[in-house]
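Colleague: Dropping a prediction and its sequence here:
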Amino acid sequence: MRWLKGVILAILLVAVLLIGILFAVNNQQALPLNLIWVELPPASLSVWLLAALACGVLLGMLAMTGVYLRLRTLLTRAQRHNQQQRKELDRLRVQELKELP
C-alpha cells in the first residue's frame, strides 16, 4: 500500500512538472512588469508568474509561522500535563496496592 502511494505521488509530480515545462515553453514573450512605483525589466511571462508563486508560498509560510508556534507550545504544555497526570496515576496505583491487606 505504501508503494502505491509513492507511485501515485511520483505520477502526480511528473505530471505537474510536465505541465510547468509546457507552460514555460508556451509563454516565452518578454513583458515588463509595472508595480506602480517601479517598472521591472522585461522577462518572460512564465518567470513573472513563477516568481509570484514563490513569493506567495513564502508569504503563506511566514503567515502560518505564528499559528504553528502557538500550536507547538500548546502541544508541549499538553504533553507535560499528560506526563504529570501519568506520574500521579502511577503514584496512586502504588499507594492503593500498599493499602490493600
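Modeller: Nice, I can see it.

Colleague: which element is the spatially most central residue of the chain on?
Modeller: When CA atoms, centre = their mean is applied to the chain, the residue found nearest the centroid is Met61 (7.0 Å). Element membership for Met61 (DSSP states H and E) is helix 45-99.

Colleague: So which elements touch that helix?
Modeller: When contacts are defined as 3 or more CB pairs under 8 Å, 6 or more residues apart in numbering; DSSP states H and E, helix 45-99 packs onto helix 2-26, strand 30-34. Glycine gets a C-beta too; all of them are placed from N, C-alpha and C.

Colleague: tell me the average confidence for it?
Modeller: For helix 45-99, the mean per-residue pLDDT is 91.

Colleague: Check stretch 15-33 too.
Modeller: Averaging pLDDT along stretch 15-33 gives 85.

Colleague: roughly how far out does it sit from the chain middle?
Modeller: Here stretch 15-33 is found 25 Å from its chain centre; the criterion is CA atoms, centre = their mean, to the nearest Å.

Colleague: How about residues contacting that stretch?
Modeller: The contact list for stretch 15-33 (CB atoms under 8 Å, 6 or more residues apart in numbering) reads 39-46, 48-50.

Colleague: Of all the helices and strands packed on helix 45-99, which one is nearest Arg93?
Modeller: helix 2-26 (39.1 Å; CB to CB).

Colleague: report the angle between the axes of that closest one and helix 45-99?
Modeller: 160 degrees (axes from the mean of the first three to the mean of the last three CA atoms, to 10 degrees).

Colleague: Many thanks, I have nothing further to ask.
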